[in-house]
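> just a sequence and a predicted model for now, questions to come.
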Amino acid sequence: MNTSKITGFKEFGRELPEIEPVQVRTTHYKEFTKSYAAAKLEQQSSRCMNCGVPFCHNGCPLGNVIPEFNEAVYSEQWKDAYDILSSTNNFPEFTGRICPAPCESACVLAINQPAVAIEAIEKHIIEIAFANGFVKPFLPEHCTDKKVAIIGSGPAGLAAAEQLNAAGHNVTVFEKDDAAGGLLRYGIPDFKLEKKVIDRRISLMEQSGIKFRYHANVGVNVYMSDILFEYDAIVMAGGSCVPKDIEVPGRNNNGIYYAMEFLKQQNKRVADIDPLEFGQIEGNIITEEITAMGKDVVIIGSGDTGSDCIGTANRQGAKSITQLALMHRPGDVRPVHTPWPEYPLLHRVSSSQEEGAERLFATVTKEFIGDENGVLRAVKVADLKWEFEPNGKALKAFEIKGSERLLPCDLVLISIGFSKPDPTLPDLLDLHKDARGNILANDKTFKTNHHKIFVCGDMRRGQSLVVWAISEGRECARSVDEMLTKQKSMLETKDISLETATFGREF
């Protein structure tokens, strides 16, 4: 029986939860998004039209059953809402905070109205579930004698670990850092994802029987030969962690860092950890603390990570912040080359950008200027003119003559994405790689050229989204389970194309 309010999309507009004012939230590193009042949550869930063909399912890489959990929310059936959501998504508390919500772009209502606030509703479901004790450790009914090693504890590795544990296998997660989460922990700022949210989930996984080994950098201080001998299957989920660089004159000046070096240090400070601690085990060669306090900061890159750098630099007390985008400024309406239900290229303003930064579009970095001691003092940039195809898609760019100028700068943060996984372990194992340096694996089975080794997440598909990482971890776990048991897996999966997503990239 459909108990939802079928006219909700006509009666209520899209409203997102209230957030703290800029002058308040920039004084701390805690999450600043508030919760819906009960009546508001009911209204927002009622906007779901329960479409005959719910395109939001296909927009979501996990295949979340969105109309059904919206109906449960409207009816205040919180246990049902949680059961529906968790049947496809291992970690709604992560995706409900940091996913760009491709499901909302595919929402049928979004054809001519603002989409249903799916991401916000998802976050409320899981937080209400935790508050009511619905989220419990999952203890498998039957255990096997098979042992699986997961290398990397980002969202792909965690999803694979949880699924394989549910199948009854003995799972151990190896993490080179001091705590689990990967970029969730040391890449995403606390004001977007407080680390107690990760700790809460890891505690549940440990209670479920999953083992975690920290400061375990496989191939560096843990022998891969030992893992190959001890475990029946290995899932590589180390992510895409080699940052893209900018090869321009002056790159060797002091004061130029990758975004993740900057963000990781601040996340450690928030966690009361020495920002330079454990650097050798983690592979971090930075020997000095990075801070934006009192500095003119230039952030190269217009993606989410660049935005995170803005929010962090503002909280550290930067003198000025300028964000450079190589691409042109997108428009405010959906362009013809990304029609519904595709994820559209639109001009967006993040909460961090609202907090204060000058944004320069179609701007190329020409040179880093240092003083006689090799200390960064300015960045030389120039404006670009983009040419477009008839359908409006950007084709190529030309530098505008006479547009060169210097931007005063003490700190540059390079935030243009990642190129490939760390090649150390794949090379050690002689694993096949694709042209981009990612580990090559079967698109359906996730199996590499080594009979014991599987790969998932960014390590296989390249830099992508947290929701894709979770999806890949789940799909990979299913294949591992079938290899170990020699029978069809009972693990839930989604029959989806695993083509690389084209949105959420840094550029």
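Okay, I see it.
> next up, the contacts around the closest residue to Gly462 other than its chain neighbours.
Counting by Cβ to Cβ, 6 or more residues apart in numbering, Asn438 is the residue found nearest to Gly462 once chain neighbours are left out, at 5.4 Å. Yep, even glycine has a C-beta here, placed from its N, CA and C like the rest. When contacts are counted by Cβ atoms under 8 Å, 6 or more residues apart in numbering, Asn438 is found next to 240, 420-421, 458-462.
> in strands, which of these fall?
Of the contacts of Asn438, the ones assigned to strands by DSSP state E are Lys420.
> redo the contacts of Asn438 as a markdown table? Include distance to Asn58.
A markdown table is the format used below for the contacts of Asn438 (distance: Cβ to Cβ, whole Å):
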| residue | distance to Asn58 |
| --- | --- |
| Ser240 | 25 |
| Lys420 | 29 |
| Pro421 | 28 |
| Asp458 | 22 |
| Met459 | 25 |
| Arg460 | 21 |
| Arg461 | 18 |
| Gly462 | 21 |
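> can you select the buried ones among the contacts of Asn438 for me in ChimeraX?
Selection of buried members from those for ChimeraX, criterion 16 or more other Cβ atoms under 10 Å:
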select :240,420,421,458,459,460,461,462
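> now Asp199: how far from Ala180?
Counting by Cβ to Cβ, to the nearest Å, the gap from Asp199 to Ala180 is 9 Å.
> so these two - more neighbours on which side?
With neighbours defined as other Cβ atoms under 10 Å, Asp199 and Ala180 compare such that Ala180 has more, 24 against 14.
> for the spatially closest residue to the more buried one that is not a sequence neighbour, grab the count of nearby residues.
The shortest distance from Ala180 to any non-neighbouring residue, by Cβ to Cβ, 6+ apart, is to Ser153 (3.9 Å). Using other Cβ under 10 Å, Ser153 has 30 other residues around it.
> thinking again about what came up before, and the residue nearest to Gly462, its phi and psi?
Dihedral pair for Asn438: phi -80, psi 150, per degrees, to the nearest 10.
> again, but for Val455
According to degrees, to the nearest 10, Val455 has phi -140, psi 140.
> partner residues bridging it?
Met236 (DSSP bridges).
> before we move on, back to that, residues contacting the residue nearest to Ala180?
Ser153 touches 161, 173-175, 177, 180-182, 212, 237, counting by Cβ under 8 Å, 6+ apart.
> need the strands for the stretch 151-300 of the chain, in chain order.
170-174, 211-213, 233-236, 242-243, 256-258, 296-300 (DSSP state E, counting those that start in this stretch).
> nope, the stretch 351-500 of the chain is what I was after
Using DSSP E, counting those that start in this stretch, strands in the stretch 351-500 of the chain cover 358-360, 363-370, 376-388, 394-399, 405-408, 411-414, 418-420, 453-455.
> sorry, back to before: need the strands of the stretch 151-300 of the chain in JSON lines (columns: mean pLDDT, mean neighbour count and distance to Leu62).
Listed next are the strands of the stretch 151-300 of the chain as JSON lines, based on pLDDT from 0 to 100; neighbours: other Cβ atoms under 10 Å; distance: least, Cβ to Cβ, whole Å:
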{"stretch": "strand 170-174", "mean pLDDT": "98", "mean neighbour count": "23", "distance to Leu62": "21"}
{"stretch": "strand 211-213", "mean pLDDT": "98", "mean neighbour count": "16", "distance to Leu62": "24"}
{"stretch": "strand 233-236", "mean pLDDT": "98", "mean neighbour count": "27", "distance to Leu62": "18"}
{"stretch": "strand 242-243", "mean pLDDT": "94", "mean neighbour count": "16", "distance to Leu62": "27"}
{"stretch": "strand 256-258", "mean pLDDT": "97", "mean neighbour count": "20", "distance to Leu62": "30"}
{"stretch": "strand 296-300", "mean pLDDT": "98", "mean neighbour count": "25", "distance to Leu62": "31"}
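> wait, which of those is closest to Lys488?
Minimum separation from Lys488 across the strands of the stretch 151-300 of the chain (Cβ to Cβ) falls at strand 233-236, 16.8 Å.
> how close does Lys146 get to Asn165?
Applying Cβ to Cβ, the value for Lys146 to Asn165 is 11 Å.
> the two: which has the busier surroundings?
Asn165 (25 against 19).
> touching, the more buried one and Lys211? I think so.
No. Using Cβ atoms under 8 Å, Asn165 is not in contact with Lys211, being 9.7 Å away.
> any residues in contact with both of these two?
With Cβ under 8 Å, 6+ apart as the test, Asn165 and Lys211 both reach Val171.
> could I get the strands of the stretch 151-300 of the chain as CSV with distance to Glu42?
Formatted as CSV, those follow (distance: least, Cβ to Cβ, whole Å):
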stretch, distance to Glu42
strand 170-174, 39
strand 211-213, 39
strand 233-236, 41
strand 242-243, 44
strand 256-258, 44
strand 296-300, 40
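> the ones you listed: which one's closest to Glu122?
Short answer: strand 170-174, nearest of the strands of the stretch 151-300 of the chain by Cβ to Cβ, at 24.9 Å.
> elements contacting that closest one?
For strand 170-174, the packing partners by 3 or more Cβ pairs under 8 Å, 6 or more residues apart in numbering; DSSP states H and E come out as strand 147-151, helix 155-166, strand 211-213.
> contacts for that strand?
143-153, 157-158, 161, 164-165, 180, 209-213, 216, 218, 222, 227, 231.
> could you redo the last one with a cut-off of 6 Å?
147-151, 153, 161, 164-165, 210-213, 216, 218 (Cβ atoms under 6 Å, 6 or more residues apart in numbering).
> of the strands of the stretch 351-500 of the chain, which approaches Ala313 most closely?
Among the strands of the stretch 351-500 of the chain, the nearest to Ala313 by Cβ to Cβ is strand 411-414 (7.8 Å).
> what comes up buried for stretch 336-352?
Buried-residue list, stretch 336-352, by 16+ other Cβ under 10 Å: 338, 340-341, 343-345, 350-352.
> before we move on, what about stretch 140-147?
144, 146-147.
> what comes into contact with whichever helix in the chain runs longest?
Ranked by number of residues, the top helix in the chain under DSSP state H is helix 466-485. With Cβ under 6 Å, 6+ apart as the test, helix 466-485 has contacts from 61-62, 90, 94-95, 98-99, 146, 155-156, 159-160, 163-164, 167, 232-233, 445-446, 454, 456-457, 489, 491, 493, 501.
> got the CA coordinates for it in CSV?
Written as CSV, here are the backbone C-alpha positions of helix 466-485 (Å, rounded to 0.1, in the frame of the first residue of the first chain):
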residue,chain,number,x,y,z
VAL,A,466,33.1,7.6,-3.0
VAL,A,467,29.9,6.1,-4.2
TRP,A,468,31.7,4.3,-7.1
ALA,A,469,34.3,3.1,-4.7
ILE,A,470,31.6,1.5,-2.5
SER,A,471,29.9,0.0,-5.5
GLU,A,472,33.2,-1.5,-6.8
GLY,A,473,34.0,-2.9,-3.3
ARG,A,474,30.7,-4.7,-3.2
GLU,A,475,30.9,-6.1,-6.7
CYS,A,476,34.5,-7.2,-6.2
ALA,A,477,33.5,-9.0,-2.9
ARG,A,478,30.9,-11.0,-4.8
SER,A,479,33.5,-12.3,-7.2
VAL,A,480,36.0,-13.1,-4.5
ASP,A,481,33.2,-15.0,-2.6
GLU,A,482,32.4,-17.0,-5.7
MET,A,483,36.1,-17.9,-6.3
LEU,A,484,36.5,-19.0,-2.7
THR,A,485,33.2,-21.1,-2.4
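> thank you, goodbye.
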